[in-house]
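A.B. asks: Have a look at this prediction, sequence included:
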Amino acid sequence: MASGVGDYGRAVRTTGRGAGGESGPINALRMDGLYKTYGSGENQVDALRDISVGLAAGTFTAVMGPSGSGKSTFLHCAAGLDRPTRGEVWLGDTPLSTMRETKLTRLRRDRIGFVFQAYNLLQALTVQDNITMPLRLSGRPLDRAWCDRVIAQVGIADRLRHRPAELSGGQQQRVAIARALIARPDLVLADEPTGALDSRTGGQVLALLRDIVTDMGQTVLMVTHDPVAASFAQSVLFLADGRLVERLESPTPDAVAERMTHLGDR
Ligand SMILES: Nc1ncnc2c1ncn2[C@@H]1O[C@H](COP(=O)(O)OP(=O)(O)O)[C@@H](O)[C@H]1O
Ligand SMILES: [Mg+2]
């Protein structure tokens, strides 16, 4: 899975098999006819209904929708944390549905970077050790050039020996983004990454997520409820009642907010 030496991003393969057998640019993530149903009978909840979508490698996509529309389920299925009831999830050309739990755990560790609203840094460790933790967990060697590049990109080179508690919220989220990047993931998943930040600091974190896409070729999928946050993405997916109802390209905050107010009309 490693890409070429000196290649900071993930190569976009322009030929070869897409998830559906078609040729063309390969998707970093693809969902095909995805359903997720919780419970049964009277208690049945259709959290996702017939979701089919692809995220091209090297793009930044936001997922929006009202509370309960399926955003978290969508993200969990993308990460192989939740198993769909029907349909398939592809990470690159790897289908997840037939994968055993141990293999899924390894796939998440090696190929997916996670950024959470609450940073989830280990308080006892320095910034440096937090960033490199995923490599220690997987027993992979540190690629010094890549590590330096990641630290420079997130802008925390002067804080490496500090503990998380000594950093601002925005700095802690930058460390979390560096940790998400250290294993050169195929996909970065962010769940409300600016939910705990003020709007100015949040804007800086969103600009960083955009920059890791444009500068490093990363693929980012972000759940948010904030139209301004969503406008940093190149594309916004709107969920309503478990369905993918719209995909908006080159979103502006106003266009996103306008779509959100009309989701209930459907
Ligand atoms: N583990 C679960 N068991 C039962 N129902 C669930 C579970 N997780 C989510 N749901 C239901 O699925 C729907 C979608 O939830 P979720 O994906 O969390 O939405 P969102 O993140 O957009 O608020 C909701 O109706 C929710 O109550
Ligand atoms: Mg949620």
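C.D. replies: Looks like it arrived, so ask away. Ligands and ions are numbered 1, 2, ... in the order given.

A.B. asks: quick one: D226 and V63, what's the gap?
C.D. replies: Computed with C-beta to C-beta, to the nearest Å, the distance linking D226 and V63 is 12 Å. (Glycine included, C-beta is placed from N, CA and C.)

A.B. asks: Find me the pLDDT at I112, would you?
C.D. replies: I112 carries a pLDDT value of 97.

A.B. asks: Number the chain from 652, please
C.D. replies: Renumbered: residue one is now 652, and that last one reads I763.

A.B. asks: what about it, neighbour count?
C.D. replies: Close neighbours of I763, defined as other C-beta atoms under 10 Å, add up to 21.

A.B. asks: for whichever residue of the stretch 802-917 of the chain sits closest to ligand 2, what are its contacts?
C.D. replies: In the stretch 802-917 of the chain, the residue found nearest to ligand 2 is V874; the distance is 6.8 Å by C-beta to the ion. Contacts for V874 were tallied using C-beta atoms under 8 Å, 6 or more residues apart in numbering; they are 713-715, 722-723, 725-726, 841-843.

A.B. asks: so it bridges to which residues?
C.D. replies: The residues listed as beta-bridge partners of V874 by DSSP bridges are V714, D842.

A.B. asks: Sticking with the residue nearest the centre of the chain, tell me its helix or strand.
C.D. replies: The geometric centre of the chain, computed from its C-alpha atoms, lies nearest to L840 (C-alpha atoms, centre = their mean), at 1.6 Å. Applying DSSP states H and E as the criterion places L840 in strand 838-842.

A.B. asks: what is the mean pLDDT for that strand?
C.D. replies: Taken as a whole, strand 838-842 carries a mean pLDDT of 97.

A.B. asks: And stretch 863-870, by the same measure?
C.D. replies: Stretch 863-870 comes out with an average pLDDT of 96.

A.B. asks: Now do the buried residues in that stretch.
C.D. replies: Neighbour counts over stretch 863-870 (16 or more other C-beta atoms under 10 Å) mark 863-864, 867-870 as buried.

A.B. asks: got it, and stretch 744-751?
C.D. replies: Neighbour-count burial for stretch 744-751, counted by 16+ other C-beta under 10 Å, picks out 745, 747, 750.

A.B. asks: Among those residues, pick out the one closest to G806, please.
C.D. replies: Sorting those by distance to G806 puts T745 at the head of the list, at 32.6 Å, by C-beta to C-beta.

A.B. asks: surely the closest one meets R759?
C.D. replies: No: counting by C-beta atoms under 8 Å, T745 stays clear of R759, with 11.8 Å between them.
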